[in-house]
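1. Starting from these lines, generate the structure:
(one chain, ligands or ions: 1)
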Amino acid sequence: MKVQTIMADLERKHPGESEYLQAVREVLESIEEVYNLHPEFEKAKIVERMVEPDRIFTFRVTWVDDRGDIQTNIGYRIQFNSAIGPYKGGIRFHKAVNPSMLKFLGFEQTFKNALTTLPMGGAKGGSDFDPVGKSDAEIMRFCQAFMWELWQNIGPDTDVPAGDVGVGGREIGYMYGMYKKLAREYNTGVLTGKGMNWGGSLIRPEATGFGALYFVEHMLAKAGKSIKDATVAISGFGNVAWGAATKATELGAKVIAISGPDGVVYNPNGMTQEKLDYMLILRASNQNVVAPFAEKFPDATFIPGKKAWSIKCDIALPCAFQNELNGDDAAELLANGTWCAAEVSNMGCTPEAIAAFQSAGILFAPGKAVNAGGVATSGLEMTQNAMHISWSAAEVDSKLHYIMESIHAACVKYGTQENGYINYVKGANIAGFMKVAQAMLEQGIV
Ligand code: 2IT
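-> Next up is the predicted model:
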């Protein structure tokens, strides 16, 4: 396999799909060496098959807004790879959603899910519907219209969507209600991230952020460091940022920044329970601004137009969107003494930022390892649904701990370089790839 040849082919076939091409390039560059030691992979054209989704559904979603005007959006579900289990991955509602974004996410999800140790294939879906400024009733009508099209393509053993940016417990509830009405079956396992009274799993709302901090703890322990008393800058203020801020605070770190599209909140005294609770209120307001946090808590300061990376911190945790931390941001963080960066968002750092962190020799880990606790706990929700039982929070949390530890160990196994530096990007990509590639090989040419 030659990365340049495959990339040139993909660039020709999928012009302008920048996020998708970026995600594929990163994986191929890190697996090239190992792949070329396996002529059986080359013969079965594993890479050429793996980079294309199994199928893509595109559909029109029409709904009526509060003024009575008719709105039309585009809906997608990308079933990327089912070598190791049913398709599994979130749904993103964001105005910038397009096939490139969902293909990058579905591709990443395939390797991430393989890392979780659970049997889940990779998928992603979503819509260019913009939840900002929408009423609760509009969100419900959109979710219902979206599911009206999607329901026939999903199922507990076929494809299991969940939340992502713009889709949380409320949206999953509206989609599940509509699914149940159309399918006339109480198929709890068809979606994850459900409410606690109707098939949801304890710890699922917290899982992405909690899992990320468990991963960071292992990464720090391996480097002989501790998170206690470290300062942490977090981007975003949604579900993932909330979970990360909660666990970081519990572990004794000081969360000194959260951010939104409008700017950053500098929070020098760290989080309190009241502040953490307020993050959830901010997210549910659908306004997509973080400034009110500093109005409510006078010890915090809002700095308009600035990113979380402008705040001096020990640990940087991107928790919002892809490519939200670029080469300039990385340079600013490094100049301010940051010694650890972990992507909690999917592909939160640009290739330039990753290269800057790695060449500076600081701790860096990629989203598909760090944030895998979210989908892993979705997998645990599926297991509970299939068994018609529910586990205690302590039981789910201990399984999540074990999974994050396993993912960390896999990264160390495949990513430790001769000079002792652990390349977590390489480690995660190789570990995830090997599992999917082996399964594809054993299942023949399909
Ligand atoms: O990016 C992700 O891993 C998610 N949005 C969670 C997916 C899931 O199926 O729980």
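2. C-alpha from now on. contacts and neighbour counts both.
-> Fine.
3. Could I get the average pLDDT for the longest helix belonging to the chain?
-> The residue-count maximum for a helix in the chain (DSSP state H) belongs to helix 393-415. Confidence over helix 393-415, taken as the mean pLDDT, stands at 98.
4. helices or strands up against it?
-> When contacts are defined as 3 or more CA pairs under 8 Å, 6 or more residues apart in numbering; DSSP states H and E, helix 393-415 sits against helix 204-222, helix 367-370, helix 372-387, helix 424-442.
5. Mind listing what's buried along it?
-> Of the residues in helix 393-415, 396-397, 399-401, 403-415 count as buried by neighbour count, 16 or more other CA atoms under 10 Å.
6. Nearest to the ligand within the stretch 151-300 of the chain, name that residue for me.
-> Ranked by CA to the nearest ligand atom, the top residue of the stretch 151-300 of the chain for proximity to the ligand is Asp164, at 4.0 Å.
7. oh, I was asking about the stretch 251-400 of the chain
-> Per CA to the nearest ligand atom, Val375 is where the stretch 251-400 of the chain lies closest to the ligand, at 3.5 Å.
8. residues near that residue, how many?
-> The local packing of Val375 (other CA atoms under 10 Å) involves 26 other residues.
9. unless I'm mixing things up, it is touching Tyr87, no?
-> No: between Val375 and Tyr87 there is no contact under CA atoms under 8 Å: 11.7 Å.
10. which one of the helices and strands packed on helix 393-415 is the most hemmed in?
-> By mean neighbour count, with neighbours taken as mean count of other CA atoms under 10 Å, helix 367-370 ranks first of those at a mean of 28.
11. what about that helix, distance to the chain center?
-> 8 Å (CA atoms, centre = their mean, to the nearest Å).
12. Begin at 44 from now on, thanks
-> Taking 44 as the first residue, the last one we looked at is helix 410-413.
13. Does anything pack onto it? Which helices or strands?
-> For helix 410-413, the packing partners by 3+ CA pairs under 8 Å, 6+ apart are helix 142-158, helix 247-265, helix 436-458.
14. Figure out the helix or strand that whichever residue of the stretch 44-193 of the chain sits closest to the ligand lives in.
-> Among all residues of the stretch 44-193 of the chain, Gly132 sits closest to the ligand, at 3.6 Å; criterion: CA to the nearest ligand atom. Secondary structure assigned from DSSP states H and E places Gly132 in strand 130-136.
15. in stretch 397-404, what counts as buried?
-> Under the neighbour-count rule (16+ other CA under 10 Å), stretch 397-404 has Ile397, Ala399, Phe400, Gln401 buried.
16. Find the nearest non-adjacent residue to Thr101, please.
-> Taking CA to CA, 6 or more residues apart in numbering as the measure, Thr101 lies nearest to Tyr119, with 4.6 Å between them; neighbours along the chain are not counted.
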